[in-house]
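Novice: I would like the atomic coordinates for the input below:
(2 chains)
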Amino acid sequence: MTGGGVVAVAVPVVLVLLWLVDAGFAGFRAATGRNARIDKRVYHLVAAGRGLAVGAAGLGVVAVPALVALAGAADVGARYDGLVGAGVRMLQVLLPFAGLLAAALPAYWLLPMRESAFVVLVGLGPFTLVRPVVVVAAAGWAAAGSGDWLVWAVAVAAAVGVLVVEPVVHRRWYRVPVRGLRA
Amino acid sequence: MTVVEISDLVAVWDPGTGERVPVRRDEVVDRLRAAGDARAARIVARMPVVGGVLDPVAVDRLLVRVHTELQRLNEELRMADRFAELLVPVLAAVRATGVRPRVVDVGCGLGYLVRSLAASGVLGGDVELVGVDFNRALVAEAAGLAAEERLPCSFACGDAFAPAEPAVYVSSGLLHHLPADRLAGFFQAQDRAGAPAFVHYDIAATPLAPLGAWLFHRARMREPLGRHDGVASARRAHGDGVLLSAAARAEGLEVFLFEPVRHANPCCAAMRPVVGVRPELVGAVRQGLGRRARGLVGAAA
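Specialist: Predicted structure coming up:
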């Protein structure tokens, strides 16, 4: 296996965790701007949970066929190595971005008001805008290093699966404000 | 060329009666095209009409959606905290004169500021918090939201140019909606009403404010009207000199801009307030602000 057993296990685990965490935040974003109450803690938790559920379902839709295809391969080990290698390339793009987010979020929560607003303006806001580009770039970089159709299919399906969580949650639950006048 | 916000054109009230004025969609579209704003014209052209007049119910629903999204931006910029930073010492100075403090948010929209201050209780339990807006739909929504969370505040329809009673008048993002030649009247009306102070936050007219506003609204808002007006707001924000000279026409108050000495955000759509304080309260307010009083700058600084 590529890089040994640890990498073979760690890469898919990290990718799955990134997917699910991202899905939770996607659910949060899908619900923002749709509730004008002051106390929205429960509202945001429910939204994140919905994002997580939709993300987990998408993960299953991608992972199960991939595992079936992998199990049916002539050389399971070589093909798994190919997938892990693609996962490593994907993480080369995703982890720096995730690292920036991981630094920006506590900065926003913990810094005084002006500094935290600055974090939104130069960090969290632009990060939201470039996230789809980063996801597509990660999938492209992962696929570019392989000639295996399964790697390509998984990379493309993963990118789509990650990016559809927010619009799905938004359309299903948060198309209009949650109280008052309706659209 | 004149920068126009869609929300100023699609919902109009008679300042004398407070009644809604019918707005013809074609006229708004023509005006936006004449202003060179084809995108805004396209947004309005898609809005529903009844006999050529913009459907007021649909307009109200749209404005509620836009203000709901706008609240998120205010939350992220921690606008309630920014107001509290100034209002706490201002209200302490007012209390010291034996007057029960009253805060009135003019052009309150969905009343985020009033409701947020009421929820936090940061200003003290004795403060009367009131939101005022011309738009009855927004006022009704604000009152409904406050009732849902049982917040100690109230809302009413009213004219920002006709304040009736002494109060600390505040606003957030209202000043750029007023033409420069009407700003002085806005501040003078609060002076005449006996305001002990006012705190009006608006977008700082920095060169990169429109870019920051575009980025922030693009990332956070979905409604095309909100995205458009957010950038237009930054483009039409009044400069510091315009605000200070207009506020100085409220001759019974000393006026300042409040800029944090450190960590000012020079490049994005930062919000900063113009502040007016009765001369006899200035010392107490400065004392209450402590080191942050150095941020009070203006002709009287």
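Novice: I'd say B:Pro273 and B:Ala197 touch.
Specialist: No: in this structure, B:Pro273 is not within contact of B:Ala197 by CB atoms under 8 Å, at 11.0 Å. Using the backbone N, CA and C atoms, a C-beta is placed for each residue, glycine as well.
Novice: Have a look at the two and say which one is more surrounded.
Specialist: Shown here are B:Pro273 and B:Ala197; by other CB atoms under 10 Å in any protein chain shown, B:Ala197 has more neighbours (27 against 24).
Novice: Tell me which residues touch that one, please.
Specialist: Shown in contact with B:Ala197 (CB atoms under 8 Å, 6 or more residues apart in numbering or on different chains): B:Val90, B:Ala93, B:Val94, B:Val168, B:Tyr169, B:Leu253, B:Val275, B:Gly276, B:Val277, B:Arg278, B:Leu281, B:Val285.
Novice: Buried ones only from those, please, as a PyMOL command.
Specialist: Here is the PyMOL command that selects the buried residues among the contacts of B:Ala197 (16 or more other CB atoms under 10 Å in any protein chain shown):
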select buried, chain B and resi 90+93+94+168+169+253+275+276+277+278+281+285
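Novice: Just the ones in strands from the contacts of B:Ala197, please.
Specialist: Of the contacts of B:Ala197, the ones assigned to strands by DSSP state E are B:Val168, B:Tyr169, B:Val275, B:Gly276, B:Val277.
Novice: Go ahead and confirm the first one touches B:Ala92.
Specialist: No: with contact defined as CB under 8 Å, B:Val168 does not count as touching B:Ala92 (11.5 Å).
Novice: Give me the distance between the two termini of stretch B:250-259.
Specialist: Taking CA to CA, to the nearest Å, stretch B:250-259 runs 21 Å from one end to the other.
Novice: from the chain's centre, how far out does it sit?
Specialist: Offset of stretch B:250-259 from its chain centre (CA atoms, centre = their mean, to the nearest Å): 17 Å.
Novice: Just the residues contacting stretch B:8-18, thanks.
Specialist: B:19-21, B:23, B:28, B:31-32, B:44, B:47, B:54, B:56, B:59-60, B:62-63, B:134-135, B:157-159, B:161, B:177.
Novice: out of those residues, which touch chain A?
Specialist: Within the set of the contacts of stretch B:8-18, contact with chain A (CB under 8 Å from any CB of the partner chain) is found for B:Asp60, B:Leu62.
Novice: For the buried ones among the contacts of stretch B:8-18, write the corresponding PyMOL selection.
Specialist: The PyMOL selection below is limited to those of these classed as buried (16+ other CB under 10 Å):
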select buried, chain B and resi 20+23+28+31+32+44+47+54+56+59+60+62+63+134+135+158+159+177
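Novice: Now narrow the contacts of B:Ala197 to whatever sits close to chain A.
Specialist: Within the contacts of B:Ala197, nothing lies near chain A by CB under 8 Å from any CB.
Novice: what's the longest helix along chain A packed up against?
Specialist: In chain A, taking DSSP state H as the definition, the longest helix is helix A:76-110. The helices and strands touching helix A:76-110, judged by 3 or more CB pairs under 8 Å, 6 or more residues apart in numbering or on different chains; DSSP states H and E, are helix A:4-31, helix A:41-71, helix A:113-119, helix A:125-144, helix A:149-163.
Novice: nearest to B:Leu296, of those?
Specialist: Closest approach to B:Leu296 among the helices and strands packed on helix A:76-110 (CB to CB): helix A:113-119, 15.9 Å.
Novice: follow-up on the earlier one: of the contacts of B:Ala197, which is the nearest to chain A?
Specialist: When the contacts of B:Ala197 are compared for distance to chain A (CB to the nearest CB), B:Val275 comes out closest, at 16.5 Å.
Novice: Pretty sure that closest one sits against B:Val255.
Specialist: Yes: B:Val275 sits in contact with B:Val255 when judged by CB under 8 Å, with a separation of 6.8 Å.
Novice: about what we covered before: make CSV out of the contacts of B:Ala197 and add pLDDT.
Specialist: Formatted as CSV, those follow (pLDDT from 0 to 100):
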residue, pLDDT
B:Val90, 98
B:Ala93, 97
B:Val94, 97
B:Val168, 97
B:Tyr169, 97
B:Leu253, 96
B:Val275, 97
B:Gly276, 97
B:Val277, 97
B:Arg278, 97
B:Leu281, 97
B:Val285, 97
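Novice: Can I get the contacts of B:Ala197 in CSV including distance to A:Ala157?
Specialist: As requested, those are exported to CSV (distance: CB to CB, whole Å):
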residue, distance to A:Ala157
B:Val90, 58
B:Ala93, 63
B:Val94, 62
B:Val168, 57
B:Tyr169, 56
B:Leu253, 63
B:Val275, 56
B:Gly276, 60
B:Val277, 62
B:Arg278, 66
B:Leu281, 65
B:Val285, 61
